[in-house]
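S.K.: Got a predicted model here, sequence first, then my questions.
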Amino acid sequence: MPSPVDPRRDLFGAAAKYLLESAPAPVPPAPVVAPRLTLAALEQIPMSRSRARILENLESAFDEVYQKAKVENDPLKLESLQFAYTRDQLYFEILLDIRDALERRG
């Protein structure tokens with residue numbers, strides 16, 4: 001005669017199996033190598049944004065803020081924004097010139 005089904009026994013059996021069986025040894029994590037910003041690393045990074053796209057993004061960011069200041073009719077804020085835009089445009093152009101020189105060199 002077959003033994004009756006005992007859910008408690010099955011539950012204890014599953015718990016014992018889960019708790020008492022040895023788990024496989026954990027896999028050690030791969031060693032982490034910190035990235036170094038060297039010339040060789042910079043040469044491998046593709047320069048994906050064009051000069052025109054970067055300057056257009058700069059202009060659109062400043063244009064939005066400039067229009068808000070224009071609505072507020074604040075001449076000091078408008079002048080400050082114009083100066084900041086010109087300064088940032090010069091900085092970006094210098095950085096883009098350096099990027100272009102590095103690309104030509106490589």
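M.R.: All right, it came through fine. Residues are numbered from 1 along each chain as shown.
S.K.: Flag every buried residue along the lengthiest helix in the chain.
M.R.: Determined from DSSP state H, the single longest helix within the chain is helix 75-105. Of all the residues in helix 75-105, those buried under the rule 16 or more other CB atoms under 10 Å are L81, Y85, L96. For glycine as for every other residue, the C-beta is placed from the backbone atoms N, C-alpha and C.
S.K.: Return the list of helices and strands in contact with that helix.
M.R.: helix 51-72 (3 or more CB pairs under 8 Å, 6 or more residues apart in numbering; DSSP states H and E).
S.K.: Compute the inter-axis angle for the helix it packs on and helix 75-105.
M.R.: 180 degrees (axes from the mean of the first three to the mean of the last three CA atoms, to 10 degrees).
S.K.: Other residues contacting helix 51-72?
M.R.: Outside of helix 51-72, the residues within contact range by CB atoms under 8 Å, 6 or more residues apart in numbering are K77, L78, L81, Q82, A84, Y85, D88, Q89, F92, E93, L96, D100.
S.K.: would JSON lines of those with distance to A14 and pLDDT be doable?
M.R.: Formatted as JSON lines, these follow (distance: CB to CB, whole Å; pLDDT from 0 to 100):
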{"residue": "K77", "distance to A14": "70", "pLDDT": "90"}
{"residue": "L78", "distance to A14": "73", "pLDDT": "91"}
{"residue": "L81", "distance to A14": "69", "pLDDT": "92"}
{"residue": "Q82", "distance to A14": "73", "pLDDT": "92"}
{"residue": "A84", "distance to A14": "67", "pLDDT": "93"}
{"residue": "Y85", "distance to A14": "69", "pLDDT": "92"}
{"residue": "D88", "distance to A14": "65", "pLDDT": "93"}
{"residue": "Q89", "distance to A14": "69", "pLDDT": "93"}
{"residue": "F92", "distance to A14": "64", "pLDDT": "90"}
{"residue": "E93", "distance to A14": "69", "pLDDT": "91"}
{"residue": "L96", "distance to A14": "65", "pLDDT": "89"}
{"residue": "D100", "distance to A14": "67", "pLDDT": "85"}
